[in-house]
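Peer 1: give me a model of this one.
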Amino acid sequence: MAVSALKAPRFVRRTQLLVGEYRKNFRQIDNEVMEVITSREADQVTPLMSKVYLRLVSAPARFWEREGVLRFEAEWRDESQIKAWALLCEVVGVASATASKALRWMHDQGIIGYFAGKNGVGIRIFLNRAANSIGTRAGKKILEFSPASSREPRASQNEAAFTDSFADLEASETEVNPRAPENGAPDEKTVGKTSPEPGPTTRAREVGVEGAGVTVIPVEEVVRRLKSELEPALQAAAQAAARREHERTREWLESRGLPKAARVAQREAYNVLKNHGVISNAAERARADLEVGRNGQAVDAKPLSEGELKELAEMCLAMLETHGQSVDATLAEISSESGGCLLPEDAPRARALAESMIRDNDLRGGV
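Peer 2: I've put the predicted structure just below:
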């Protein structure tokens, strides 16, 4: 019979650490934060306030932008896009309305910071710290020592090494190997054989120095180079865009704006003259001209020239704009059958010319 290995318990039934044990795989939460999110005011907003905060603190590693800052971005899942807010609600494990109330209340209290950007920036949540949970550590007093010879031990042979015990570090993890060897300083012979060389400083490791083979370029120089490279192209693009927009505006004014303004002014002037009784006499005279031949006297009709047809079409357009009379009605009044001067063979040409003028006026933004 196969013997299965016993599964290690997830929790141990004791409250204190044994000798040689230390805490790991844990998170620190400020007492002030715990007091606020479990208060009666928080329960009045939503009883799930503490759950929302704890879910934020224990969010998966892929949502952590840096220490204390969570970032949620839209992502594709099963050929559909999941928005940043939906991911946030999925992490905290509550409904959208509950999450909105909880986050807004914690933001007002100062427990968290909330920023929702546009254009794919996503949602950032900043886990703030309580003011009472921040202490200042006294600076270490470093004594000056005379430089030791490279052929001699750097530590004193008769005194114990100095141990730092100013304060407890925030992180209690001790699995990382320290820089100093566990067995103390090496013996005298080892030190005498090889002279230790100082390692590169933090600044040298970050950006490099001349000795490391990396050239440091100041930020001002980078900005100056970018400006000299990009400024001419940006200015040329802006000038070209301004010229295109100016040309479009000029074409619109010539083809649409000015003709429309002229026709509007003409219409308003006509309305003013009509209201004051000035236009009525002229209209009656124009209609009287169209009534020629209706008293029984015959008019000698003859084929019209191109110029006469154009004048006749303009008269039809004027009657349409001033009186609303259709082109066919105007042509019927001046036809030879009614005693006018328009022959039947000239009527289609006049009608086509008048309709062409009407279409041109409509395209220019007229009535």
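
Peer 1: which residues touch Leu253?
Peer 2: Under the criterion of Cβ atoms under 8 Å, 6 or more residues apart in numbering, Leu253 has no neighbours. The C-beta positions use only the backbone N, C-alpha and C, and glycine is treated the same way.

Peer 1: please, which helix or strand holds Gly307?
Peer 2: If you go by DSSP states H and E, Gly307 is part of helix 306-323.

Peer 1: packing partners for that helix?
Peer 2: In terms of contacts (3 or more Cβ pairs under 8 Å, 6 or more residues apart in numbering; DSSP states H and E), helix 306-323 is packed against helix 279-290, helix 327-333, helix 347-363.

Peer 1: mean pLDDT lowest where, among these?
Peer 2: Between the helices and strands packed on helix 306-323, the lowest average pLDDT goes to helix 279-290, which shows a mean of 49.

Peer 1: thinking again about what came up before, the helix holding Gly307 vs helix 347-363, what angle?
Peer 2: Going by axes from the mean of the first three to the mean of the last three Cα atoms, to 10 degrees, helix 306-323 is angled at 50 degrees with respect to helix 347-363.

Peer 1: what comes up buried for helix 306-323?
Peer 2: For helix 306-323, the buried set under the neighbour-count rule, 16 or more other Cβ atoms under 10 Å, comprises Leu309, Leu312, Ala313, Met315, Cys316, Leu317, Met319, Leu320, Glu321, Thr322.

Peer 1: for the protein, which spans come out with low pLDDT?
Peer 2: Applying pLDDT under 70 to the chain flags the ranges 1-5, 119-120, 139-215, 263, 266-267, 270, 273-274, 276-301, 338-339, 363-367.

Peer 1: pull the longest helix from it.
Peer 2: helix 219-252 (DSSP state H).

Peer 1: any chance you could list what contacts stretch 85-94?
Peer 2: Stretch 85-94 has contacts (Cβ under 8 Å, 6+ apart) with 46, 48, 51-52, 55-56, 59-60, 63, 72-75, 95-96, 99, 102, 116, 123, 125.

Peer 1: just the buried members of the residues you listed?
Peer 2: Applying 16+ other Cβ under 10 Å to the contacts of stretch 85-94 flags 46, 48, 51-52, 55-56, 59, 63, 72, 99, 102, 123, 125 as buried.

Peer 1: just these: which are in helices?
Peer 2: Using DSSP H, the buried ones among the contacts of stretch 85-94 in helices are Lys51, Val52, Arg55, Leu56, Ala99, Ala102.

Peer 1: okay if I get the residues you listed as JSON lines plus distance to Glu79?
Peer 2: Listed next are these as JSON lines, based on distance: Cβ to Cβ, whole Å:
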{"residue": "Lys51", "distance to Glu79": "32"}
{"residue": "Val52", "distance to Glu79": "30"}
{"residue": "Arg55", "distance to Glu79": "28"}
{"residue": "Leu56", "distance to Glu79": "29"}
{"residue": "Ala99", "distance to Glu79": "26"}
{"residue": "Ala102", "distance to Glu79": "31"}
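
Peer 1: for Ser335, state which of those residues is nearest.
Peer 2: For those, the residue nearest Ser335 by Cβ to Cβ is Ala99; the value is 80.0 Å.

Peer 1: surely that closest one meets Val52?
Peer 2: Yes - the pair Ala99 / Val52 is scored as a contact, 6.5 Å apart, by Cβ atoms under 8 Å.

Peer 1: what would the buried ones among the contacts of stretch 85-94 look like in a markdown table with distance to Ile37?
Peer 2: Shown next, in a markdown table, are the buried ones among the contacts of stretch 85-94 (distance: Cβ to Cβ, whole Å):
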| residue | distance to Ile37 |
| --- | --- |
| Thr46 | 10 |
| Leu48 | 10 |
| Lys51 | 9 |
| Val52 | 8 |
| Arg55 | 12 |
| Leu56 | 11 |
| Ala59 | 16 |
| Phe63 | 20 |
| Phe72 | 20 |
| Ala99 | 14 |
| Ala102 | 9 |
| Ile123 | 20 |
| Ile125 | 14 |
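
Peer 1: which of these sit farthest apart?
Peer 2: Going by Cβ to Cβ, the pair spanning those furthest: Thr46 and Phe63, at 21.6 Å.

Peer 1: okay, domains of the protein per the record?
Peer 2: 31-130, 252-363 (automatic domain parsing).

Peer 1: and of those, who's closest to Leu230?
Peer 2: Nearest to Leu230, of these and by Cβ to Cβ, is domain 31-130 at 21.3 Å.

Peer 1: for that closest one, measure first residue to last.
Peer 2: 8 Å (Cα to Cα, to the nearest Å).

Peer 1: returning to that earlier point: dump the domains of the chain into JSON lines; add distance to Lys24 as well.
Peer 2: Shown next, in JSON lines, are the domains of the chain (distance: least, Cβ to Cβ, whole Å):
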{"stretch": "domain 31-130", "distance to Lys24": "16"}
{"stretch": "domain 252-363", "distance to Lys24": "72"}
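
Peer 1: so which of the ones you listed gets nearest Arg14?
Peer 2: Once the domains of the chain are compared by Cβ to Cβ, domain 31-130 is nearest, at 23.4 Å.
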